[in-house]
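Asks: Sequence and predicted model, in that order:
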Amino acid sequence: MRTIYLYVESNGILRKVALDMAYLSAHKKIRLFKNYFEDGLYLQYKSNSTGGSVENYYLTKDKVTSEDNDHYFFKFPFKLDQVFDVAV
């Protein structure tokens, strides 16, 4: 299974955060450490509705489905083959 990254741009620098792929494949949810969450965090995906163009899915506080002491959990509304990876 390939690694999927979340991206965030700050001060002109693009940073990547790797997702917990074991949790994603087992539960179909994104599990993200609370320390890694920040405004502007997004996942790139290929949209079926717009002819396959690449769009950004932003992870915001209102998209948190649940949380525990250390993690935020987000719904993963895509198929794995829709996620678009860019080598940076």
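Replies: Nice, thanks for sending it over. As the structure is a prediction and not an experimental result, all values here were calculated from the model. Numbering: from 1, shown residues only.

Asks: What are the boundaries of the strands in the chain?
Replies: Remark: strands assigned in the chain by DSSP state E are 5-10, 13-18, 29-33, 42-46, 54-58, 64-67, 71-75.

Asks: Mind listing the strands the third one pairs with, and their directions?
Replies: Read it as strand 29-33. Applying DSSP bridges to the sheet, strand 29-33 is found paired with strand 71-75 (antiparallel).

Asks: Also the fifth one?
Replies: Within its sheet, and counting by DSSP bridges, strand 54-58 is paired with strand 42-46 (antiparallel).

Asks: How far off centre is the strand it pairs with?
Replies: 7 Å (CA atoms, centre = their mean, to the nearest Å).

Asks: Quick check: closest non-adjacent residue to residue 73.
Replies: residue 66 (4.7 Å; CB to CB, 6 or more residues apart in numbering). C-beta here means a position set from N, CA and C on the backbone, and glycine is covered the same way.

Asks: residues near the one you found, how many?
Replies: By the criterion of other CB atoms under 10 Å, residue 66 has 9 neighbours.
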